[in-house]
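In: My questions are about this predicted structure, shown below with the sequence.
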Protein chains: 2
Amino acid sequence: MSSDPDVRRFSCPAPRLDHDTIQLAHGAGGRLSNDLIEQVILPRFSSPELDCLEDQAVVELPPGRVAVSTDTFVVAPIFFPGGDIGDLAVNGTVNDVAMSGARPLVMTVGLVLEEGLPLADLVRVLDSMARAADRADVRVVTGDTKVVPRGACDRLFINTTGLGVVPDGVSLRATALEPGDAVLISGTLADHGMAVMTQRDGLSFAGDIASDTAALHGLIAELVSACSEVRALRDPTRGGLATTLNEFAAASGVGILIDEPALPVRPNVRGACELLGIDPLHVANEGKLVAVVSNREAERALKVLQNHDLGREAVQIGTVRGDHPGMVVMRTTLGAERIIAMPVGDILPRIC
Amino acid sequence: MSSDPDVRRFSCPAPRLDHDTIQLAHGAGGRLSNDLIEQVILPRFSSPELDCLEDQAVVELPPGRVAVSTDTFVVAPIFFPGGDIGDLAVNGTVNDVAMSGARPLVMTVGLVLEEGLPLADLVRVLDSMARAADRADVRVVTGDTKVVPRGACDRLFINTTGLGVVPDGVSLRATALEPGDAVLISGTLADHGMAVMTQRDGLSFAGDIASDTAALHGLIAELVSACSEVRALRDPTRGGLATTLNEFAAASGVGILIDEPALPVRPNVRGACELLGIDPLHVANEGKLVAVVSNREAERALKVLQNHDLGREAVQIGTVRGDHPGMVVMRTTLGAERIIAMPVGDILPRIC
């Protein structure tokens, strides 16, 4: 076992720093910065580029169009059921890159740490990031660490920027929807947002709600290689499914009709949403994708999703329409139709 | 004049948002997020990729190795003589990409905004970023905006991640230094750090100290095309020249000897350093580079630097030595030699 590089990598010796909390000097660019980087960060993310310790990485990418995505993660609390800010930051950027059809390859990591952050918390987050990057087969090639005084940020923020290469012939765009297309979702709604929300508010009844944070690049690769008429993919994160569908409808100038009874929501998540008066359509997901596929390929796409661990509960939730362009309409359980608008305000701040 | 696209771009109409400060809802992914992005951010950074408003940009890069660099800027105060957090964030990442010899091409921008930030301050910072990106001929291709509650960050933080392409045959590395090489600096030391420091502490005597923030890609392109024996380039930011030289010496296993009388420091900067007991070798620069060049090409390299607006005050400050490997030694004005160590602690927190 101990000769397995993965085991070695994820059982890095405890760092021998002079402090057990983050000090301002860990971000000053001097010796303590170097200690933090060399003892805590490098052993977890070691890659040929990162180990050079230059101010930039020089990477060889395969030929093709480059997909680039950036996100800063500010979720509170930083640990929640099903994940933490670390795997969320890796999976979120892997997903945003992959939604273009690209294979994610490399990633940068920018940390902002609050003075006084327990080193043990940082190590736990970095271990989680390293495992997520390994699972997604993405190399961390360069990074940056800043420390701000106590009170100038809340524990830690993480920026991840990912690069991938889009296969020839793949072009997924929010503007490509056509009337008749099928709208699919890869699984249940609102798990991530409600997991963070209930954790934050200490709602003990909701103990078994867990974040769905996961990297979807593998699911997408299978979908895109099996189906040539995928119009667009997007992960319904901040603003939830309602926002993603409204963005799609506006970009393509089409209407979208969804069926309320078809929307998959776990009973405990639905219960928590009802108790708190929150619409699950407005809640962030971190391991789900919306796929819009031609009607002709809808069945095949659904099967591909359902055959993958991360898409077992995939269903068709609606169709693209020529009428009411730019609008999303839901046929409710009672048979009425109502307009699904984007959320205006802030339901769940700092959800990702 | 008004038909000049640059003039139009930098005289965007004032945004008509419902609020004159940042609200939590501006980061929630719903309608207010969209208003902020479409009225405030897009008009300033418009590019073919950004205007798609996908969660990732798909870019066509010229063939070649890709240089990637990331930095999160947390400088306080956000406005200081000679610049602000906006142009600093663009120039800093342009420089880190360019120090590999690459031509910087595209950039991502990740904003973390504190609830209550005056919209006018955000607009001023974004205008400054847009001008800096234009000057550096770099396209902003994708971005992310988060809002955190009052007190969860200090005003705003900016992550920039830049991509460029390294010309064939160019390979600059901190490990490439050889005894006999010349160590050059492109201009005066410590301007940026002391500008921020004096601003922060309200030292009125130092009113004419200004940050040197500038994008050095043009200077580097000329240097690299004129000289084939440039070993390594680095911008001495956090930790100052002392840190950069120590990193070079350690990476290459060589000694570096510098001459104190040769170090260019403006009299007012030197005065402020002396008053505050700060060594200018430890202070951040944001528009300077250290170039290590073969002895044979030192004269030519110096001329190339001096012929460029951003290198007029370039000088040779030292040489690479075979003795005392891994150490930096300074021959002082009085003729003595002393070891220049990396700063251990934090002299100037939040300098970039």
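Out: Cool, the structure landed.
In: got a list of what A:Ala221 touches?
Out: With contact taken as C-beta atoms under 8 Å, 6 or more residues apart in numbering or on different chains, A:Ala221 is in contact with A:Ala98, A:Arg103. C-betas here are computed from N, CA, C, even on glycine.
In: secondary structure element for it?
Out: Using DSSP states H and E, A:Ala221 falls within helix A:217-226.
In: Also A:Ala291?
Out: Assessed by DSSP H and E, A:Ala291 sits inside strand A:290-293.
In: ok, that strand near chain B or not?
Out: No. With C-beta under 8 Å from any C-beta of the partner chain as the criterion, chain B is not reached by strand A:290-293; the gap is at least 11.5 Å.
In: Next SSE downstream of that strand?
Out: Downstream of strand A:290-293, the first helix or strand assigned by DSSP H and E is helix A:298-306.
In: Pull the distance from that next one to the chain's centre.
Out: Counting by C-alpha atoms, centre = their mean, to the nearest Å, helix A:298-306 is centred 22 Å from the centre of its parent chain.
In: What count of nearby residues applies to the residue in the stretch 1-150 of chain A that chain B sits nearest to?
Out: Taking C-beta to the nearest C-beta as the measure, the point where the stretch 1-150 of chain A comes nearest chain B is A:Gly29, at 3.0 Å. Other residues near A:Gly29 number 29, with proximity taken as other C-beta atoms under 10 Å in any protein chain shown.
In: same deal with A:Thr213?
Out: Other residues lying near A:Thr213 total 27 when counted by other C-beta under 10 Å.
In: check contacts around it.
Out: Applying C-beta under 8 Å, 6+ apart to A:Thr213 gives the contacts A:Gly82, A:Gly83, A:Asp87, A:Leu88, A:Asn91, A:Gly92, A:His192, A:Glu286, A:Gly287.
In: I'd guessed A:Ile256 sits against A:Gly326; true?
Out: No. Checked against C-beta atoms under 8 Å, the pair A:Ile256 and A:Gly326 is beyond contact range at 9.5 Å.
In: Tell me which of these two has more neighbours.
Out: In this comparison of A:Ile256 against A:Gly326, neighbours counted by other C-beta under 10 Å, the higher total goes to A:Ile256 at 28 against 13.
In: how near is that one to A:Gly318?
Out: According to C-beta to C-beta, to the nearest Å, A:Ile256 stands 6 Å off from A:Gly318.
In: which residues do the two both contact?
Out: Any residue near both A:Ile256 and A:Gly318 by C-beta under 8 Å, 6+ apart counts here, and that gives A:Val183, A:Leu245.
In: can you give me the helices for the stretch 51-200 of chain A?
Out: Listed in chain order, the helices of the stretch 51-200 of chain A (DSSP state H, counting those that start in this stretch) span residues A:85-98, A:119-135, A:191-200.
In: just to revisit the earlier point, what is in contact with A:Ile256 and A:Gly326 at once?
Out: In the contact map built from C-beta under 8 Å, 6+ apart, the residues linked to both A:Ile256 and A:Gly326 are A:Ala249.
In: that older thread, contacts for the strand holding A:Ala291 next, please.
Out: By C-beta under 8 Å, 6+ apart, the surrounding residues in contact with strand A:290-293 are A:176-177, A:181-186, A:223, A:227, A:229-236, A:241, A:244-245, A:248, A:301, A:305, A:320.
In: Drop anything exposed from the residues you listed.
Out: For the contacts of strand A:290-293, burial is judged from neighbour counts taken by 16 or more other C-beta atoms under 10 Å in any protein chain shown, and it is met by A:176-177, A:181-186, A:223, A:227, A:229-236, A:241, A:244-245, A:248, A:301, A:305, A:320.
In: and chain B, which of these contact it?
Out: Restricting these to those adjacent to chain B (criterion: C-beta under 8 Å from any C-beta) gives A:Arg234, A:Asp235.
In: Now tell me which helix or strand of chain A has the poorest mean pLDDT.
Out: Sorted by mean pLDDT, DSSP states H and E, the helices and strands of chain A end with helix A:5-9, the least confident at a mean of 42.
In: Tell me the helix or strand right after it.
Out: Scanning forward in sequence from helix A:5-9 by DSSP H and E, the next helix or strand is helix A:31-36.
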